[in-house]
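In: here's a sequence, model it:
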Amino acid sequence: MWNKIEMKRWHRLFYDQLVRRWKQNIVFAAATIFFLQFLIVKLHPSEVQEFNEAQCADIYPKLKQGLISVNEGMRTLVGHELKLIGEKEFDVTGYTVKRPLLNCLDQEDELLHRTIKEKYFVKGNVSGRGFSKPYEELKHPYQTQDLLELVFKELRNGFYVEAGAWDSEQMSVSLLFEVGFNWTGILIEANPWDHQLGLLRNRNALYLNTCLGLTVRPQFSDFVFTPAVEVKEGQWMASMGGLSETLLNPDSIKLQCFPFYSILMAAGNPTVNLLILDIEGAEFAVLKTIPWNKVDIQVMTIETDLIGKAGISGGSQEEAREFIISKGYTLFKHRNNINPVTGLENNDLFIRNDIVKKWNIKFPEPLN
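Out: Below you'll find the predicted structure:
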């Protein structure tokens, strides 16, 4: 079992190698700068409009009456990135779609739910999965082993939501449950290029290329591909891509994010046996948008050690834990879970209190 900390360390090494190549090869450096400029031009359009409350008050009734379409003002933007698939490098085309009028809709609005369902969900097909290597050679993260052995055991036909799905293969917590126990679910990834790689895996799931919203309405947010996270005073580490309010750099794009609850409603508000939330510090802000009395989420594994340390202000690991416990969950410790850089537990396991009792879950000792 690999953990994500090792993957982040690999990511940091890759970045350092890139810098060394820049210094050694001026042609390579120039080509890289040109490529980044191409991305910025393609994915930072100034013409996408944002609306204030007064404008939304005027727009909303027109949307509901069908006088204007949610597609009005839509922008579909394209960029390219080289991605390693197996041992070969491919030019992957990434798309990001923005429908500005959706930002005037509340997370409970049926028009928003219908638009996500009809315009954004992409259905995979279990036949002909396209993994980059034989499934038996893929490595699963440590959370999977805990969840399999000590929580779900041989539960079949479950439903997951994995936010921060990456390419839907590497370090995917949900993959083993899907392949081994016939689960299905929703794979959410904000990075347009990683989402495209995920589609190649052709998993038995709904794919969704979006970031999770930090408010109860859709909104435009900055997504940084290689953010630097201050894990301790004066000590920084490279993180996976994520939302940022403060740590902006040229390696960023503006995405339209959807509230988690709206996504769940677009899928029919199913019972979620497992929610995997790994979105590089934005977890607490997302969790606070959920109307907990209207959802059925049994088990959650959530990355908490970067909360308050990445580009989203406010919150901490302890605050997030207290908040989730207040919603009726018990906090358990994952095994093999310490991040050596932050010195904190990397992911937390939360199981709803009635499920703890129903399934007689007793591992390891709960923290609360």
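
In: partner strands of the helix or strand hosting Val299, with direction?
Out: For Val299, the host element (DSSP states H and E) is strand 297-303. Looking at strand 297-303 with DSSP bridges, its partner strands are strand 272-277 (parallel), strand 347-352 (antiparallel).

In: state the mean pLDDT of that strand.
Out: For strand 297-303, the mean per-residue pLDDT is 97.

In: need the residues that contact that strand.
Out: Outside strand 297-303, the residues that touch it by Cβ atoms under 8 Å, 6 or more residues apart in numbering are 4, 143, 147, 151-152, 164, 173, 271-280, 283, 287, 320, 324, 329, 334, 346-352, 355. C-beta coordinates here come from the backbone N, C-alpha and C atoms, glycine included.

In: can you give me the helices for the stretch 51-200 of the chain?
Out: Using DSSP state H, counting those that start in this stretch, the helices of the stretch 51-200 of the chain run over 53-65, 110-115, 142-147, 175-181, 192-201.

In: nearest approach to Leu77 belongs to which of those helices?
Out: Of all those, helix 192-201 sits nearest to Leu77, with 8.8 Å by Cβ to Cβ.

In: after the closest one comes which helix or strand?
Out: Next along the chain after helix 192-201, taking DSSP H and E as the criterion, comes strand 206-208.

In: re earlier: kindly reformat the helices of the stretch 51-200 of the chain as JSON lines containing mean neighbour count.
Out: As requested, the helices of the stretch 51-200 of the chain are arranged in JSON lines below (neighbours: other Cβ atoms under 10 Å):
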{"stretch": "helix 53-65", "mean neighbour count": "13"}
{"stretch": "helix 110-115", "mean neighbour count": "18"}
{"stretch": "helix 142-147", "mean neighbour count": "22"}
{"stretch": "helix 175-181", "mean neighbour count": "19"}
{"stretch": "helix 192-201", "mean neighbour count": "22"}
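
In: and these: which comes nearest Lys309?
Out: Taking Cβ to Cβ, helix 142-147 is the member of the helices of the stretch 51-200 of the chain nearest to Lys309, at 20.2 Å.

In: that closest one - what's its average pLDDT?
Out: The predicted model gives helix 142-147 an average pLDDT of 92.

In: list the buried residues for stretch 217-228?
Out: If you call a residue buried by 16 or more other Cβ atoms under 10 Å, then stretch 217-228 has these buried ones: Arg217, Pro218, Gln219, Ser221, Asp222, Phe223, Val224, Phe225, Thr226, Pro227, Ala228.

In: how about those in a markdown table, adding secondary structure and pLDDT?
Out: Below are the buried residues of stretch 217-228 laid out as a markdown table (DSSP: H, G, I helix; E, B strand; the rest coil; pLDDT from 0 to 100):
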| residue | secondary structure | pLDDT |
| --- | --- | --- |
| Arg217 | coil | 97 |
| Pro218 | coil | 97 |
| Gln219 | strand | 95 |
| Ser221 | strand | 91 |
| Asp222 | strand | 87 |
| Phe223 | strand | 88 |
| Val224 | strand | 84 |
| Phe225 | coil | 79 |
| Thr226 | coil | 71 |
| Pro227 | coil | 62 |
| Ala228 | strand | 58 |
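
In: mean pLDDT for the strands paired with strand 297-303 - can I get that in JSON lines?
Out: Output for these, formatted as JSON lines (pLDDT from 0 to 100):
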{"stretch": "strand 272-277", "mean pLDDT": "98"}
{"stretch": "strand 347-352", "mean pLDDT": "96"}
